[in-house]
Structure formats: structure tokens, C-alpha cells
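S.K.: No sequence on hand, only this structure:
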């Protein structure tokens with residue numbers, strides 16, 4: 001982030017609920033669609049703070065109006081999945097998308113819990129495991145499960161930083177929401 005700032009850019013870092021210095025919500029778990037909504041709110045706030053507006057076309061003459069670009073979005077690891085979902089749902093909030101160390105695999109399908117019964121998605125939220133799991137090095141680098149998706153040195157640096165900022169492992173639920181990722185639905189310039 002310092003390098004981006006030194007290059008004249010204004011970087012912002014978003015911790016999802018329960019990560020880094022951001023406290024968890026009352027449920028104490030992380031859900032992909034909630035992360036997307038939180039990121040949408042942050043991007044809207046950044047745009048308002050800096051007077052940024054999405055490029056729009058004049059209906060009369062079809063000419064584009066020149067506005068400042070919306071923020072570029074960088075997603076790292078599982079945050080890349082969240083960023084990709086956001087790009088699909090709200091392309092007007094970003095000017096471009098960068099996916100670094102993305103764990104997206106088109107062959108991976110996350111199971112969805114049944115909608116009804118004792119093991120249903122609704123009852124699993126109310127009975128979610130609230131056991132606190134201490135983060136360790138292996139857990140911190142487990143996001144990088146696709147071989148070659150990130151060089152070893154940045155993965156190691158990430159793990160070391162994660163251990164300092166996230167001493168407790170966050171519990172993800174409703175991973176089936178990631179099944180909605182479809183690269184063909186991303187309409188902003190994207191670097192993977």
C-alpha cells in the first residue's frame with residue numbers, strides 16, 4: 001500500500017468483518033454476499049469522498065461525459081472471489097478489477113445445505129459453530145491452494161502478516177454463494 005501511495009494513488013484496505021482490526025458481527029462468521037455488500041458500501045463511500053462518478057453517456061448525442069474514474073478494485077486470495085462477485089453485481093462501482101493469488105477454480109462447486117430440516121441453511125446459521133480457532137501459519141496460507149497461483153515469498157509474507165493481524169481464524173459460511181461466480185459476467189477490465 002505504501003508503494004501505491006508513493007506512486008500518487010490513494011489506496012484503501014478493507015477488512016471484512018472479523019478480519020484484522022474489524023470486529024465480527026453478532027454471528028461471528030463471514031458470508032460471501034455480506035462481504036460483497038460491505039465492499040459495495042465502502043466503494044460508494046470512497047466515490048462520494050473523492051467526488052468520483054461513473055462514466056455515463058448523454059442520451060441526446062451518445063457522447064460520453066468525462067468524469068473521474070471510479071476506484072480500481074484489487075482482490076487477494078478469497079477476497080478475489082468476493083471482488084469478482086462484486087464486479088458482476090456492481091460494475092458501476094469500479095473502473096477495473098485485479099485478482100491476485102485468486103483461488104477461483106471453475107471446477108469447484110461448493111455444496112449448499114438443504115433449505116429445510118434440522119441441517120437446513122436456516123438452522124445452521126442459528127447453530128453455527130462459535131468455537132474460537134487460533135490462527136497458525138498453515139491456516140494462514142491455506143487460501144493459496146491452487147499451486148502456482150502466488151509465488152512462495154508473498155504467500156509467506158501474507159501468512160506472517162495474517163498471524164499478527166488475525167490471531168483468530170474466521171469462520172466462512174454459505175460458500176455456495178461463490179458458485180455464482182462467472183467470469184463471462186465481469187464487464188470491467190480485469191487483470192488476473
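M.R.: Thanks, I have the structure now. Everything numeric in this text was worked out from a predicted model, so none of it was measured. Residues are numbered from 1 along each chain as shown.
S.K.: neighbours around the closest residue to residue 10 other than its chain neighbours, how many?
M.R.: Closest residue in space to residue 10, ignoring its immediate chain neighbours: residue 50 at 7.3 Å, by Cβ to Cβ, 6 or more residues apart in numbering. The C-beta positions use only the backbone N, C-alpha and C, and glycine is treated the same way. The number of residues packed near residue 50 is 12, by other Cβ atoms under 10 Å.
S.K.: so where's the chain shaky on pLDDT?
M.R.: Scanning the chain for pLDDT under 70 picks out 54-68, 117-130, 143-149.
S.K.: same thing but 80
M.R.: Applying pLDDT under 80 to the chain flags residues 20-21, 27-28, 53-68, 101, 115-133, 141-150, 168.
S.K.: What are the contacting residues of the top helix by length along the chain?
M.R.: Secondary structure of the chain read by DSSP state H shows that its longest helix is helix 32-50. For helix 32-50, contacts defined as Cβ atoms under 8 Å, 6 or more residues apart in numbering pick out 10, 12, 14, 16-17, 25, 52-53, 68, 70-71, 73, 79, 81-83, 85-86, 89-90, 93-94, 172, 174-175, 177-178.
S.K.: And it, what's buried?
M.R.: Of the residues in helix 32-50, 32, 34, 35, 36, 38, 39, 42, 43, 46, 47 count as buried by neighbour count, 16 or more other Cβ atoms under 10 Å.
S.K.: in the following helix or strand past it, what's buried?
M.R.: Downstream of helix 32-50, the first helix or strand assigned by DSSP states H and E is strand 72-76. Residues of strand 72-76 classed as buried: 72, 73, 74, 75, 76 (neighbour count, 16+ other Cβ under 10 Å).
S.K.: ok, and the closest non-adjacent residue to the fourth one?
M.R.: The shortest distance from residue 75 to any residue other than its chain neighbours is 2.8 Å, reached at residue 83 (Cβ to Cβ, 6+ apart).
S.K.: Which secondary structure state does the one you found sit in?
M.R.: Residue 83 falls in the helix class when you classify it by DSSP: H, G, I helix; E, B strand; the rest coil.
S.K.: now swap in residue 97 and tell me
M.R.: From three-state DSSP, the assignment for residue 97 is strand.
S.K.: what residues does stretch 153-164 touch?
M.R.: For stretch 153-164, the surrounding residues in contact (Cβ under 8 Å, 6+ apart) are 76, 77, 101, 135, 136, 137, 140, 141, 144.
S.K.: Kind regards, and thank you for your time.
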